[in-house]
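Novice: model the structure of this input:
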Amino acid sequence: MAGTALVAGVSGIVGSATAALLVERGWSVHGLARRPADQRGVAPIAADLLDAAGTALAVGDIHPDAVFITTWLRQDSEAENIRVNSAMVRNLLDGLPKPTGPRHVTLVTGLKHYLGPFEAYGKGALPQTPFREEQGRLDVDNFYYAQEDELFAAAAREGFTWSVHRPHTVIGKAVGNTMNMGTTLAVYATICRETGRPFTFPGSAAQWSGLTDTTDARQLARHLLWAVETEAAHDEAFNIVNGDVFRWQWMWSRIAQWFGIDAAPFDGTVRPLARQMAGDADLWRQIAARENLVEPDLARLVSPWHTDADLGRPIEVVTDMSKSRRLGFAAYQPTDDAFFDLFAQLRVDRLIP
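Specialist: Next up, the predicted model:
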C-alpha cells in the first residue's frame, strides 16, 4: 500500500527517517516543520503547529492517507510541556481536511510513558521492567498522556484509526535536535581524540552494568509504516526497540574502538557530559574550521542534558516487544551497527571529521 503521507516533524531524527522510508516505498510525502530542509522526494510544508490558523492554512489542501506525528517542543515545566505539546497535536489534526476515506494517524512518544516526565524522571513507584504496554499510565502529569488524549479525541470525532509508538532512546541523524544521543557521543569521542581527554562514561553504575536497549530511527520508521499497513495494529499502543539488549560497559568500548581511542575505566562516579563538554564550543569551532565541517555550532549537534538523563538513570531499563512480534513485526536492528552506521553517515555529511 502506498498513498499520501504527512510527516509532522520531518526535520527531526524520527521524521526524516520516516519520510525517507516512505519515499523509498513509493508514497507521496509531505514534510511539515517550522523550517523544513530539502529532502529527496519530500514536498516541504513550513508551519508552526502552535499557530492553529497558520497550520490549517498550510495543510488545508492535503488529504493524507497516513499522518505521522514525530515532533514535540521542550518547555521549562511539565505543565507547559502539556499545554504546548497537546496544542500541537490538536492544531494539526483540527487543521487537516476531515477524512473522506480511511486514514491512520501515528503518534511517537517514548518510555517516559513508563518512567515519568523530566521533572520526575525515573523516580517514585515505577513499573517493573521490561516495560510492557499493558502497564498503563503513571499517576502523574505527563505531556505524552496529553498528546495521546488529543489523538484519541480526534479519532473518536473523525473516525480515523491510530497507533502510538514508544521508542527507547532514538539513534539517528538530525541537526538541531534536542534529544540526540548518537551525535552527542560522536562529537564527544571526537573531542576526546582531539584533546587526549579520557573517553569517560558519563552515567550511573546501574546503566554501566545493567541491561538496556535503544531504537534506531530506521527501525522506528519501519514500525510506524507497519502499523499503518497492518489492520491488527490499528488503535493500539506499542513499544518499539531494536530487538537486542546490551550493557553500556560493552557498548562504550565498541564506540571507543570505532573512533580509534581507548575507553576509560569506569569507577562508578557519575561525570555528566553537560559538565564535561561545558567549555567545548570554541574548540569545536576550531575543529570545524580546520576539518571543513558544515556545522561549527556545538549546540546544534549535541544534547548533553538528554544523554545524561538516559545514561544517569538509577534503574535498569529494558523494553518488551512481544505485542508487536505477536502481530507480525519481525524487523531487527543490532544496536552497535545502528551507532556505527550513524557515525559513518556523520562523516560522509561532514558533521564530524
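Novice: got the CA positions of stretch 143-156 in PDB?
Specialist: Output of stretch 143-156 as PDB, limited to C-alpha atoms (Å, rounded to 0.1, in the frame of the first residue of the first chain):
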ATOM      1  CA  PHE A 143       2.700  15.500  28.200                       C
ATOM      2  CA  TYR A 144       2.800  12.100  26.500                       C
ATOM      3  CA  TYR A 145      -0.600  11.300  28.100                       C
ATOM      4  CA  ALA A 146      -2.000  14.700  27.000                       C
ATOM      5  CA  GLN A 147      -0.800  14.100  23.400                       C
ATOM      6  CA  GLU A 148      -2.500  10.700  23.400                       C
ATOM      7  CA  ASP A 149      -5.700  12.200  24.700                       C
ATOM      8  CA  GLU A 150      -5.800  14.700  21.900                       C
ATOM      9  CA  LEU A 151      -5.200  11.800  19.400                       C
ATOM     10  CA  PHE A 152      -8.000   9.700  20.900                       C
ATOM     11  CA  ALA A 153     -10.500  12.500  21.000                       C
ATOM     12  CA  ALA A 154      -9.900  13.400  17.400                       C
ATOM     13  CA  ALA A 155     -10.100   9.700  16.300                       C
ATOM     14  CA  ALA A 156     -13.400   9.400  18.100                       C
END
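Novice: disregarding residues adjacent in the polypeptide, which is nearest to Lys98?
Specialist: Glu158 (5.9 Å; Cβ to Cβ, 6 or more residues apart in numbering). All C-beta spots, glycine's among them, are computed from the backbone N, C-alpha and C.
Novice: now for the one you found: which residues touch it?
Specialist: For Glu158, the contact set (Cβ atoms under 8 Å, 6 or more residues apart in numbering) comprises 93, 98-99, 103.
Novice: Arg34 contacts Ile45, correct?
Specialist: No: using Cβ atoms under 8 Å, Arg34 is not in contact with Ile45; the gap is 10.2 Å.
Novice: more neighbours: those two, which one.
Specialist: Ile45 (18 against 14; other Cβ atoms under 10 Å).
Novice: report the mean confidence score over the host helix or strand of the more buried one.
Specialist: Assigned by DSSP states H and E, Ile45 belongs to strand 42-46. Mean per-residue pLDDT for strand 42-46: 97.
Novice: and for stretch 100-112?
Specialist: For stretch 100-112, mean pLDDT rounds to 93.
Novice: export it as PDB, just CAs?
Specialist: Extracted in PDB, the C-alpha atoms of stretch 100-112 (Å, rounded to 0.1, in the frame of the first residue of the first chain):
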ATOM      1  CA  THR A 100     -13.300  11.200   3.400                       C
ATOM      2  CA  GLY A 101     -11.800   7.700   3.400                       C
ATOM      3  CA  PRO A 102      -9.600   5.500   5.600                       C
ATOM      4  CA  ARG A 103      -7.000   7.500   7.500                       C
ATOM      5  CA  HIS A 104      -4.400   6.400  10.100                       C
ATOM      6  CA  VAL A 105      -2.500   8.600  12.500                       C
ATOM      7  CA  THR A 106       0.600   7.500  14.200                       C
ATOM      8  CA  LEU A 107       1.900   9.300  17.300                       C
ATOM      9  CA  VAL A 108       5.500   8.900  18.500                       C
ATOM     10  CA  THR A 109       6.000   9.300  22.300                       C
ATOM     11  CA  GLY A 110       8.500   7.200  24.300                       C
ATOM     12  CA  LEU A 111       9.500   5.500  27.500                       C
ATOM     13  CA  LYS A 112       8.700   8.500  29.600                       C
END
